[in-house]
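Enquirer: could you work out the structure for the sequence below:
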Amino acid sequence: MHAFDVLGDPVRRVILELLATGEHSSGEIGRSCAARFGITQSAVSQQLRILRDSGFASVRADGARRNLRRAVRPASRESTAGSTNSGRPGCRVSTR
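Expert: Coordinates of the predicted model:
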């Protein structure tokens, strides 16, 4: 999924705005999105998965809680295509 596709969804944009303020639990994000958009926790979980899979957010387990934070630099398939990758998403090594 391209970055514009990820950012094109209003729910995902709101989640990223929330994560810009710091780390939040998936439950906190779910309640915030449910209040604003009237969507279920399941729908929020799907949006969180898209953000994690696309490299816009990362998750940290804290017991039973899952805390999410905004990734420092989103990874994209386009930015790493044809480059030597050091094994980290979004890490690009110049071949010049």
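
Enquirer: beta partners for residue 59?
Expert: With DSSP bridges as the criterion, residue 59 is bridged to residue 68.

Enquirer: where does this structure dip in pLDDT?
Expert: Within the chain, the stretches with pLDDT under 70 are 73-96.

Enquirer: so which residues of it form helices?
Expert: Under the criterion DSSP state H, the chain contains helices at 3-7, 10-19, 26-37, 41-53, 77-80.

Enquirer: and these as JSON lines, adding mean neighbour count?
Expert: Any C-beta I mention is one placed from the backbone N, CA and C, and that applies to glycine too. What follows is the helices of the chain, written out as JSON lines (neighbours: other Cβ atoms under 10 Å):
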{"stretch": "helix 3-7", "mean neighbour count": "14"}
{"stretch": "helix 10-19", "mean neighbour count": "17"}
{"stretch": "helix 26-37", "mean neighbour count": "16"}
{"stretch": "helix 41-53", "mean neighbour count": "16"}
{"stretch": "helix 77-80", "mean neighbour count": "13"}
